[in-house]
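Asker: whatever this is, show me its structure:
(3 chains)
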Amino acid sequence: MGRKPCCSKEGLKKGSWTKKEDLLLTEYIKDYGEGTGWRSLPKKAGLLRCGKSCRLRWVNYLKPGLNRGTFTSEEDDLIVRLYTLLGSRWSLIAGRIPGRTDNDIKNYWNTSLLKKLKAQGNEPRIHKSQAKKRRRKKEKPNVSSQINRKNNDENKTRRKKKVKIVEKHNIEDEVATKIEEQPHTQDFAQAVSDNNHNFTSSSSNQDGTSSATSTSEIHSSSQNIEDQNQDQIFEKLQVMDELLLNDNFLFPPEKCIEFNNNENHMLFEEVYEEYFQLVYENSCHF
DNA sequence: AACATTGACAACCGCGTATTA
DNA sequence: GTAATACGCGGTTGTCAATGT
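Answerer: Here you go, the predicted model:
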């Protein structure tokens, strides 16, 4: 027994959207907003489409502020680095590139960027913890009832944790709390510095790979320490990623004019800068 | 000119997760 | 506490225009 389809397929239109449909959807969302429920939206808006289809059309094509121009080399670089760290978590990657959607980036990656990188002999490697997650996901058997039960248990725990975080009124407290939760990672800057120190014997090539030099034997013998450092850095990035997913942290400081007079602005700027510093300084080692 | 191939991107599908009844 | 429902994500497919033969 499979899951019920998200909507009845009978009488619903599929395929490319017409201008009229786009207009109906845009007008409806302009009047009532996005939060009215996608499932009921098509009926209310007078569309013969599945709610899912409406959401996709809005998010990927009609939503204001989307950047539909060609990808710049800076964006390419950022996508590669984020992919190396996060794997194919396109929505997370898109969240760091204003104006781009997950679908955009995914398509661009699959059709152009990956080929370009392969041609340069520069195929990115995903950080090992992301690779592990991927394997686990693939191996996971499809037993929905058991999983549902397990999920509900896990949901409960997550909800409790979430409530705990929401109760915190001060973002600074939240940052401090989350950092404290990470063992041996109290000082991000120090960790970056330590990490860089460990890699002083390595040099980044133009193609993004790293190569050992005169102290390669030290590098080799400290493999475990290096792994631990990478894991620590990666854990930090995950914590920061969680923080940056907070609405207040969504875009870079220069894009957040409303934060300019906000007491949290400096904190945001620091977290954001440190996040990207970590991405840039460590992605080639993952 | 006709057909085949390729590339880009829009859209669909199934699944996992979050929320609600 | 549980099952049903809704949402969002990532993988995949479909479509169409551009290019090659």
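
Asker: domains of chain A?
Answerer: According to automatic domain parsing, chain A comprises the domains A:19-62, A:73-119, A:170-285.

Asker: find the nearest non-adjacent residue to residue A:66, please.
Answerer: Nearest residue to residue A:66, sequence neighbours excluded (CB to CB, 6 or more residues apart in numbering): residue A:99, at 5.8 Å. To be clear about C-beta, it is placed using only N, CA and C from the backbone, and glycine gets the same treatment.

Asker: ok now do that neighbour, which residues does it touch?
Answerer: When contacts are counted by CB atoms under 8 Å, 6 or more residues apart in numbering, residue A:99 touches A:65, A:66, A:67.

Asker: so which of these comes closest to DNA strand B?
Answerer: Proximity of these to DNA strand B, judged by CB to the nearest atom of the strand, is greatest for residue A:66, which lies at 9.3 Å.

Asker: how many neighbours does residue A:45 have?
Answerer: When counting by other CB atoms under 10 Å, one arrives at 19 neighbours for residue A:45.

Asker: how about the closest residue to it other than its chain neighbours, secondary structure?
Answerer: Nearest-residue entry for residue A:45: residue A:28, 3.7 Å, with adjacent residues in sequence omitted and distances by CB to CB, 6+ apart. Classification of residue A:28 by DSSP: H, G, I helix; E, B strand; the rest coil places it in helix.

Asker: can you confirm residue A:31 is in a helix?
Answerer: Yes: assigned with three-state DSSP, residue A:31 falls within a helix.

Asker: okay, it: pLDDT?
Answerer: If you check residue A:31, the pLDDT there is 87.

Asker: picking that back up, residues touching the residue nearest to residue A:45, list them.
Answerer: Residues near residue A:28 by CB under 8 Å, 6+ apart: A:41, A:44, A:45.

Asker: what is the neighbour count of the second one?
Answerer: This points to residue A:44. When neighbours are counted by other CB under 10 Å, residue A:44 registers 12.

Asker: ok so, going back, out of the contacts of residue A:28, which is nearest to residue A:73?
Answerer: Minimum distance to residue A:73 across the contacts of residue A:28 is 38.3 Å, recorded for residue A:41 (CB to CB).

Asker: my read is that the closest one contacts residue A:57, right?
Answerer: No: judged on CB atoms under 8 Å, residue A:41 makes no contact with residue A:57 at a distance of 10.8 Å.

Asker: any residues in contact with both of these two?
Answerer: Contacts common to residue A:41 and residue A:57, judged by CB under 8 Å, 6+ apart, are residue A:25.

Asker: once you drop chain neighbours, what's closest to residue A:117?
Answerer: Sequence neighbours aside, residue A:123 is the residue nearest to residue A:117 in space, at 5.5 Å (criterion: CB to CB, 6+ apart).

Asker: that neighbour belongs to a helix?
Answerer: No: read with three-state DSSP, residue A:123 is coil and lies in no helix.

Asker: okay, it: pLDDT?
Answerer: Reported pLDDT for residue A:123: 76.

Asker: burial measure for it, as a count.
Answerer: Counted with other CB under 10 Å, residues neighbouring residue A:123 total 13.

Asker: with pLDDT added, can I get the contacts of residue A:99 in JSON lines?
Answerer: Listed next are the contacts of residue A:99 as JSON lines, based on pLDDT from 0 to 100:
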{"residue": "A:65", "pLDDT": "84"}
{"residue": "A:66", "pLDDT": "87"}
{"residue": "A:67", "pLDDT": "86"}
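
Asker: compare the domains of chain A and say which comes out lowest on pLDDT.
Answerer: Across the domains of chain A, domain A:170-285 has the smallest mean pLDDT, namely a mean of 44.

Asker: still on that earlier bit, so which of the contacts of residue A:28 belong to helices?
Answerer: When the contacts of residue A:28 are checked against helices (DSSP state H), the matches are A:41, A:44, A:45.

Asker: which of those residues lies closest to DNA strand B?
Answerer: residue A:41 (13.5 Å).

Asker: where's that closest one relative to residue A:15, distance?
Answerer: 19 Å (CB to CB, to the nearest Å).
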